[in-house]
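[1] following is a predicted model, sequence given first.
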Amino acid sequence: MASRLFEEREHAALYQRYRLSSPFQIRNLILDYLQRKKGKPFTLAVDIGCGSGQSTRGLASYFDRVVGIDVSEAQIEEAKKVDGPDNVSYRQGVAEELEFKDGSVDLLTAAAAAHWFDLEKFMKEVDRVLKPKGCLALYCYRVPFELHYNACSERLTQVVQQALKTLAPYESEKTRIVRTEYREIFDTITFSDKERVNNIQFKQSVPILWIKGFIESLSYYQAFQKKDPEVAKATLERMERDVLQTMGVSSRETMLEVKWTAFCLLASKPE
Ligand SMILES: C[S@@+](CC[C@H](N)C(=O)[O-])C[C@H]1O[C@@H](n2cnc3c(N)ncnc32)[C@H](O)[C@@H]1O
């Protein structure tokens with residue numbers, strides 16, 4: 001059974017505004033792997049759990065065709081709103097039943113999404129739709145992230161970690177898989193040719209207001225908000241006040257740096 005989250009329109013809009021575009025460090029890692037294992041031509045890439053397309057669009061220049069698939073109609077609508085390359089398309093669908101022909105896909109990716117899938121069914125589909133030597137790349141970002149601003153980086157990171165701790169009881173079994181850096185998912189990959197890359201680091205400049213928006217986009221914040229809307233709102237408002245005070249600024253537009261760490265599982269289908 002696919003997990004039915006992220007489906008509400010407001011949640012999808014938060015994704016569009018606050019979620020990360022896949023960084024070039026991860027894209028290059030995946031493309032190098034595909035080149036090494038299968039080589040060109042790169043005809044078709046499919047990004048599953050594509051959300052509003054932030055993990056999909058970056059693949060456009062390397063493939064004849066890129067398709068983003070998501071179980072949520074609201075996310076697909078958001079993805080389609082963005083002006084993007086002509087060779088990228090989006091459609092609603094599930095990871096467990098991919099509407100692609102046997103042996104037709106060069107690369108399958110899932111960014112911050114594989115932990116939501118029914119992995120046994122998904123792996124059967126991966127094996128069916130990939131070309132011989134075609135590749136699978138499943139990656140995700142570590143939360144909490146680090147924040148950097150002048151001399152107060154450590155204190156800032158603590159302020160945000162404190163707010164995230166308040167959300168911890170609302171985490172699901174699925175999001176806990178992220179904390180183990182996809183250990184269980186690695187074990188369910190049926191191809192023997194598989195590897196993991198840890199500690200992929202990259203930075204992003206964001207305004208202060210991004211921190212609150214990003215946390216609001218997390219599934220477990222959404223769960224907190226449903227259960228206790230007033231406390232959920234107050235938690236993030238307090239966090240934002242503490243961030244402004246720690247940085248000694250008054251504008252939510254003030255820029256700071258987020259340092260992310262990601263991990264990626266890579267696998268290649270036998271010939
Ligand atoms: C955390 S979001 C990641 C979105 C995007 N890939 C990114 O990089 O931000 C996870 C997405 O996976 C989708 N999803 C969850 N289970 C799914 C399934 N079984 N099949 C397809 N999509 C699924 C959700 O609707 C959601 O848009």
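    Received, thanks. Given the structure is predicted, the values throughout are model-derived calculations rather than measurements.
[2] residue contacts, the residue nearest in space to the middle of the chain?
    The centre of the chain sits closest to Ala112, judged by C-alpha atoms, centre = their mean, with a distance of 2.8 Å. Counting by C-beta atoms under 8 Å, 6 or more residues apart in numbering, Ala112 makes contact with Arg19, Gly49, Gly51, Ser55, Tyr139, Cys140, Tyr141, Val178. Every C-beta, even on glycine, is put in place using the N, C-alpha and C of the backbone.
[3] now it. Its backbone dihedrals?
    Phi and psi for Ala112, reported as degrees, to the nearest 10, are phi 50, psi 40.
[4] distance of it from Arg36?
    Using C-beta to C-beta, to the nearest Å, one obtains 24 Å as the distance from Ala112 to Arg36.
[5] the ligand next: which of the contacts of Ala112 are close?
    Taking C-beta under 6 Å from any ligand atom as the test, the ligand is in contact with Arg19, Gly49, Gly51, Ser55 out of these.
[6] of those residues, closest to Glu146?
    Looking at these and their distance to Glu146, the nearest is Arg19, at 17.9 Å (C-beta to C-beta).
[7] please name the nearest non-neighbouring residue to the closest one.
    The shortest distance from Arg19 to any residue other than its chain neighbours is 5.3 Å, reached at Gln54 (C-beta to C-beta, 6 or more residues apart in numbering).
[8] give me the pLDDT value at the one you found.
    At Gln54, the predicted lDDT confidence score is 93.
[9] number of residues surrounding the nearest residue to Glu120 once chain neighbours are set aside?
    Setting aside the residues directly before and after it, Glu120 is nearest to Thr188 in space (C-beta to C-beta, 6+ apart), at 6.8 Å. Counted with other C-beta atoms under 10 Å, the burial measure for Thr188 works out to 13 neighbours.
[10] so who does Thr188 touch?
    Each residue near Thr188 by C-beta under 8 Å, 6+ apart is listed here: Leu119, Glu120, Met123.
[11] how long is stretch 55-72 end to end?
    For stretch 55-72, the first-to-last residue distance is 15 Å (C-alpha to C-alpha, to the nearest Å).
[12] buried residues in that stretch, which are they?
    Of the residues in stretch 55-72, those with enough neighbours to count as buried (16 or more other C-beta atoms under 10 Å) are 55-60, 62-63, 65-72.
[13] what does stretch 21-32 give?
    Along stretch 21-32, these residues count as buried under the neighbour rule (16+ other C-beta under 10 Å): Ser22, Pro23, Ile26, Arg27, Leu29, Ile30, Leu31.
[14] so for it, what's the average pLDDT?
    When pLDDT is averaged over stretch 21-32, the result is 95.
[15] now do stretch 252-262
    Taken as a whole, stretch 252-262 has a mean pLDDT of 96.
[16] for stretch 63-78, how far is the first residue from the last?
    Distances were taken as C-alpha to C-alpha; on that basis the terminal residues of stretch 63-78 are 22 Å apart.
[17] quick one on the thing from earlier: phi first, then psi, for the residue nearest to Glu120.
    Summarising the backbone geometry of Thr188 under the convention degrees, to the nearest 10, its torsions are phi -90, psi -10.
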